[in-house]
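In: Pasting the sequence and the predicted model now:
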Amino acid sequence: MALGLKCFRVIHPAFCNYFATLTRPVSEISMKTVSGRQHDHRQCVACPAVPIRHFATKKAKAKLKGHSQTRVNINTALVEDIINLEELDEEMKSVMDALKDNFNKTLNIRTSPGSLDNITVVTADGKLALNQIGQISMKSPQLILVNMASFPECTAAAIKAIRESGMNLNPEVEGTLIRVPIPKVTREHREMLVKLAKQSTNKAKDSLRRVRANAMNKLKKSKDNTSEDTIRLIEKQISQMADDTVAELDRHLAVKTKELLG
């Protein structure tokens, strides 16, 4: 009996420490081994390991998401009786080409005569490009002239179109001659051009969404004569083509933004 009490006194502190670690919240448990000497006996308490969760970063999640999406590549000839994917691809490319053309002609640090060519002027005969009703020339590096002698009745409409072109231009008129001073290249002017580039890109995306929606509506009309698996595959192909085009639009915007900001 005496021997038993002696042993209990030796192990009692260790038992209490161990029980405390079991009842303590996980966040308070220390990751270490407690050791000491008592009555010439060594006591060791091994605290339970705290479970650690490894959370994936946003970059890792995006990478995994990209790998999980399988790309499709449908043979256009096999589904041409359902939908013309080559024609759809051309429509999407035309949206991209229109944006690139807009960037090249209207969004430049240095305004040139060519940047005014396609400004749309509302006339009695309908909407016409400025270069169709006026003769555009470069008077000096700081001044562009638009001669409206051939269509003097459109002078006021041309001035309005130039002012509302979004190119930060403030034209002046002398009879049928429109003088267009070229603005200085300031930081504010650069940022304004970047804003216009974003607006043009958003309009291009709207056009792309309409192209995609029209294709999907055309596909729905074939559901009665086409298997569900084939329809789903074509839908995925169309969405994939649209997503690729959006990525290209964003890429061109990024390049243009870098160019404009310098």
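Out: Nice, thanks for sending it over. Residues are numbered from 1 along each chain as shown.
In: separation between the residue lying closest to Ser222 once chain neighbours are set aside and Lys93?
Out: Nearest in space to Ser222, with sequence neighbours left out and distances taken as CB to CB, 6 or more residues apart in numbering, is Ile82 at 4.8 Å. Quick note: C-beta positions are derived from backbone N, CA and C, even for glycine. According to CB to CB, to the nearest Å, Ile82 and Lys93 sit 21 Å apart.
In: what about these two, which has more around it?
Out: Just comparing Ile82 and Lys93: by other CB atoms under 10 Å the higher neighbour count belongs to Ile82, 17 against 13.
In: Can you name every helix or strand that the strand or helix carrying Ser239 contacts?
Out: Using DSSP states H and E, the secondary-structure element containing Ser239 is helix 228-261. In terms of contacts (3 or more CB pairs under 8 Å, 6 or more residues apart in numbering; DSSP states H and E), helix 228-261 is packed against helix 85-106, helix 187-220.
In: Indicate which one of those helices is closest to Asn147.
Out: Distances from Asn147 to each of these were compared by CB to CB, and the smallest falls on helix 85-106, at 20.1 Å.
In: Could you give me the buried positions within the closest one?
Out: Buried residues in helix 85-106, counted by 16 or more other CB atoms under 10 Å: 85, 88, 91-92, 95-96, 99, 102-103, 106.
In: again, but for stretch 70-89
Out: With burial defined by 16+ other CB under 10 Å, the residues of stretch 70-89 counted as buried are 74, 79, 82-83, 85, 88.
In: next one: stretch 243-262
Out: For stretch 243-262, burial by neighbour count (16+ other CB under 10 Å) applies to 245-246, 248-249, 252-253, 256-257, 259-260.
In: And stretch 177-192, by the same measure?
Out: Counting neighbours by 16+ other CB under 10 Å, one finds that the buried residues in stretch 177-192 are 178, 180, 182, 189-190, 192.
In: Give the ranges of residues in this structure that sit below the confidence cut-off.
Out: Residue ranges of the chain with pLDDT under 70: 1-69, 75, 78, 110-113.
In: could you redo the last one with a cut-off of 80?
Out: Along the chain, segments meeting pLDDT under 80 span 1-70, 72-81, 105-106, 108-115, 118, 166-168, 183-185, 262.
In: Tell me where the stretch 1-150 of the chain has strands.
Out: Along the stretch 1-150 of the chain, counting by DSSP state E, counting those that start in this stretch, strands occupy 33-38, 41-46, 120-123, 126-129, 135-140, 143-147.
In: by contact count, what packs against the fourth one?
Out: For strand 126-129, the elements it packs on are strand 120-123, judged by 3+ CB pairs under 8 Å, 6+ apart.
In: Might you calculate how far the strand it packs on sits from the centre of the chain?
Out: Between the mean C-alpha point of strand 120-123 and the mean C-alpha point of its chain there is a distance of 32 Å (CA atoms, centre = their mean, to the nearest Å).
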